[in-house]
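Engineer: got a sequence here, can you model it:
(chains A and B)
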2 protein chains.
Amino acid sequence: MTKGPLSGIKVLDLTAVVVGPSCTLTLAEQGAEIIKLEAPEGDLLRKLGGPAPSPDMSPKFIHFNRGKQSIAVDLKTAAGKAVLLRLAEQADVLVTNMRGAALARLGITWEALKPRNPRLVFCVIAGFGKRGRYHDSPAYDTIIQGMSGFAAALGRVLGEPRFAPFVLCDHITGIIASQAITAALFARERSGEGQEIEVPMYESMAHFVLTEHMFRRTFDKAGPTGDPRVMNPDAKPIPTKDGYIAVSANTDAQAFAFFEAIGRPELREDPRFNSVGARFRNVDAYFTLRAEALRTRTTAEWAVEFRKREIPAMPFNTIEGLLEDPHLWEVGLLREERHPTEGPMTGLGRPVTFSAAGPDELKLAPRLSEDARVVLAKAGYSEAEIDSLLGSRAVLPPP
Amino acid sequence: MTKGPLSGIKVLDLTAVVVGPSCTLTLAEQGAEIIKLEAPEGDLLRKLGGPAPSPDMSPKFIHFNRGKQSIAVDLKTAAGKAVLLRLAEQADVLVTNMRGAALARLGITWEALKPRNPRLVFCVIAGFGKRGRYHDSPAYDTIIQGMSGFAAALGRVLGEPRFAPFVLCDHITGIIASQAITAALFARERSGEGQEIEVPMYESMAHFVLTEHMFRRTFDKAGPTGDPRVMNPDAKPIPTKDGYIAVSANTDAQAFAFFEAIGRPELREDPRFNSVGARFRNVDAYFTLRAEALRTRTTAEWAVEFRKREIPAMPFNTIEGLLEDPHLWEVGLLREERHPTEGPMTGLGRPVTFSAAGPDELKLAPRLSEDARVVLAKAGYSEAEIDSLLGSRAVLPPP
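Structural biologist: Residues are numbered from 1 along each chain as shown, chains lettered A, B, ... in the order given. I've put the predicted structure just below:
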């Protein structure tokens, strides 16, 4: 049993907030060693992600940064820049969401690094791809939600555009970047060579939106966009006597079983509801009768009833409810942990299981520069050099 | 230049609708050979994903299945089952979202396949992980949106829970699965051995939601969940004279530049707005004045103004607007293509760029069983055997 499929891989992580940390969290969960190089003031998410016992260990930071080592380096100093370059020369992967100009200033470009570390996988998570006119434009999550059609899709349903209540485009693009990096690592095993990867947020999210919603316009430049099946204003969990439930009774067998479950078996003969096509044409009447029926019993009662009849349905969860779901504790997604400075906490495990890997037992999220000494020693600095770096504040001393 | 980092990898794709096709689309875009094994009636998405010139080439199917080969096999026949097993023995990856019982009936389990193909990466995209009580429960996208807290997060903002207007959990879990498969391929290069991967939708999405929204409850079992920064009811693109714009003026420098841009430079001295903390405390007043100011000029005018002053802002796009965005054409995300049966169409390219790979030039989405002969011949069947399989309808003949 290894610690995960990416065991043995060393990632130099020059990212902050969500897009990069979401990427390197996946790599960490799969056994990669992550060296998170922070600015002396720390990843903004330390303070921006909600209150915690310590002022710079926000819950959002804690969850996105488990399994990582932190070293805070002042890249405005020559000694700090030299540390960055040495770590980059020794890494398998360098991933960053810094802007191109900042990277060039630091000498952190693929062109500069390739001669020194030709096996490096160099990944830039950018707002916009190099070949397009927006390349230098700023990209924040809400800007990309607004540009990529996410806000527009919600607007179709709600009457006015709105952002999804997540750092959604950052979070998804981070996962996409983790896949691209892993693919380049695979290719390197065969070719012996690293490469540069560009993961542009806007293009990644436009791809996400348009695969689903280009719709008729794919074939017809005047045709409608937007898949009406998922843009139905009634696409909601359905209220019960005491909560909500999500039901997917789409096939005839499921719909007819549903009619039995609500005590209306005669509806299977009703021309409005007796086929997939009929129910689609009479979707308002179908949804109304469904809503009226479900209001009469509790979520738990319906769940039992639907399960018995093999009707796909599961209870709706609030976010608090998720934390009390026994399934999530059984599979180890939720776990009681104790953080060295933050005390008892609820942690998150790796959702994916690999048969050749043990369970993930990652160290919890690091305090700022907590691992500075270990990282520098592993990089080949002597004790005296380390003391000098920490003393000069080119590297922030561990807390 | 290769066709992509996953060139040389053969994937047997036993998935349908969105969760699996989203996974194998990523693998296809990176050069893997995808054999999409469909039921004789075809992937449900062929008909469910909107109208197209042909009745079974829906736009959603087209976009999620480019770069794949189709072979339709009747797995109820012994000959069909034998084809499936032979393809599985020859594949590098087998990925499926079929339920456990169906897989066991077909002999498609890791236990059964491992002795015949120990290098196989065997990936099951499940609704719920094996170790938890929901393991056999049905999982559809809306059920997972309802269970995982996505619908609840929207409910916090909107007053009632609602599904996001995307096949969101399928789509994201598919991307997660593509990363997990790629990681197992990487590990195989070093260990020589395949393995089984389980990618559970519920756990994957609960992880997605809780990293962002466990919030105070991480440390305090009575604390609030939900990050208020992204759950603000005013988190919307802002109306201009003729459309909307997304602005991210968060730092003092950005906010003060914004005050200049709207002709109110004195606001930087206003105690309600003169620091990040002050603007956060007076967020309603800040949002109101921002909304009033932006209504006075067009989106294009504001975009120029903000760019000049280095204020992060980009225009809001409708879904139609995306299709007219010159940037997306310049980078090759959007492209004019001609499908052999569907005619001229707008296609989607790979959003991610790999320096060691050429541009992706994938064949467009296949008609049902279009590649049956080629796939069988490559698998080692003789011409006579192929004719017999196609004649017996164990394999559907190409159209």
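Engineer: contacts and neighbour counts: CA atoms only from here.
Structural biologist: Noted.
Engineer: sticking with residue A:288, tell me its helix or strand.
Structural biologist: Per DSSP states H and E, residue A:288 falls inside helix A:283-294.
Engineer: again but with residue A:105, I slipped
Structural biologist: Using DSSP H and E, residue A:105 sits within helix A:100-106.
Engineer: quickly check: the helix holding residue A:288 near chain B or not.
Structural biologist: No: Helix A:283-294 lies out of reach of chain B by CA under 8 Å from any CA of the partner chain, never closer than 14.2 Å.
Engineer: what helices or strands is that helix leaning on?
Structural biologist: The elements that helix A:283-294 packs onto, with contact taken as 3 or more CA pairs under 8 Å, 6 or more residues apart in numbering or on different chains; DSSP states H and E, are strand A:238-239.
Engineer: redo that, cut-off 10 Å
Structural biologist: strand A:238-239, strand A:244-247, helix A:252-261, helix A:276-281 (3 or more CA pairs under 10 Å, 6 or more residues apart in numbering or on different chains; DSSP states H and E).
Engineer: who touches it?
Structural biologist: A:232, A:234-235, A:237-241, A:244-245, A:247, A:258-259, A:261-264, A:272-273, A:277-280, A:302 (CA atoms under 10 Å, 6 or more residues apart in numbering or on different chains).
Engineer: let's go with 7 Å and repeat that
Structural biologist: Identification of contacts with helix A:283-294 by CA atoms under 7 Å, 6 or more residues apart in numbering or on different chains yields A:238, A:239, A:240, A:262, A:279.
Engineer: wait, which of those residues is closest to residue A:352?
Structural biologist: residue A:238 (29.8 Å; CA to CA).
Engineer: surely that closest one and residue A:245 touch.
Structural biologist: Yes: between residue A:238 and residue A:245 there is a contact under CA atoms under 7 Å: 5.4 Å.
Engineer: so where do the strands sit in the stretch 51-200 of chain A?
Structural biologist: A:68-72, A:93-96, A:121-126, A:195-200 (DSSP state E, counting those that start in this stretch).
Engineer: neighbours of residue A:105, how many?
Structural biologist: As a burial measure, residue A:105 scores 9 neighbours (other CA atoms under 10 Å in any protein chain shown).
Engineer: whoops, residue A:168 was the one
Structural biologist: Neighbours around residue A:168, by other CA under 10 Å: 23.
Engineer: one more: residue A:101?
Structural biologist: Neighbour tally, residue A:101, other CA under 10 Å: 12.
Engineer: before we move on, what about residue A:115?
Structural biologist: Neighbours of residue A:115 (other CA under 10 Å): 11.
Engineer: quick one: the helices in the stretch 201-350 of chain A?
Structural biologist: Using DSSP state H, counting those that start in this stretch, the helices found in the stretch 201-350 of chain A span residues A:201-213, A:252-261, A:276-281, A:283-294, A:299-308, A:319-323, A:326-330.
Engineer: same list (those helices) but as CSV, adding mean pLDDT and distance to residue B:8.
Structural biologist: Output for these, formatted as CSV (pLDDT from 0 to 100; distance: least, CA to CA, whole Å):
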stretch, mean pLDDT, distance to residue B:8
helix A:201-213, 98, 24
helix A:252-261, 94, 42
helix A:276-281, 84, 42
helix A:283-294, 90, 47
helix A:299-308, 94, 44
helix A:319-323, 96, 41
helix A:326-330, 98, 37
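Engineer: now mean neighbour count too, for those helices, in JSON lines please.
Structural biologist: Formatted as JSON lines, the helices of the stretch 201-350 of chain A follow (neighbours: other CA atoms under 10 Å in any protein chain shown):
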{"stretch": "helix A:201-213", "mean neighbour count": "25"}
{"stretch": "helix A:252-261", "mean neighbour count": "19"}
{"stretch": "helix A:276-281", "mean neighbour count": "14"}
{"stretch": "helix A:283-294", "mean neighbour count": "15"}
{"stretch": "helix A:299-308", "mean neighbour count": "17"}
{"stretch": "helix A:319-323", "mean neighbour count": "20"}
{"stretch": "helix A:326-330", "mean neighbour count": "19"}
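Engineer: make a markdown table out of the ones you listed and add distance to residue B:323.
Structural biologist: Below are these laid out as a markdown table (distance: least, CA to CA, whole Å):
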| stretch | distance to residue B:323 |
| --- | --- |
| helix A:201-213 | 9 |
| helix A:252-261 | 37 |
| helix A:276-281 | 29 |
| helix A:283-294 | 30 |
| helix A:299-308 | 42 |
| helix A:319-323 | 36 |
| helix A:326-330 | 40 |
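Engineer: got the residues of the stretch 1-150 of chain A near chain B?
Structural biologist: Selection of the stretch 1-150 of chain A residues close to chain B by CA under 7 Å from any CA of the partner chain yields A:5-6, A:50-52, A:59-60, A:63-64, A:129, A:131-134, A:138, A:142-143, A:146-149.
Engineer: circling back to that earlier point, centre of the chain to the helix holding residue A:288, how far?
Structural biologist: 35 Å (CA atoms, centre = their mean, to the nearest Å).
Engineer: same question, stretch A:292-302
Structural biologist: With CA atoms, centre = their mean, you get 34 Å for stretch A:292-302.
Engineer: over to stretch A:169-188?
Structural biologist: Centroid displacement of stretch A:169-188 relative to its chain, using CA atoms, centre = their mean, is 11 Å.
Engineer: same thing with stretch A:153-161?
Structural biologist: Here stretch A:153-161 is found 23 Å from its chain centre; the criterion is CA atoms, centre = their mean.
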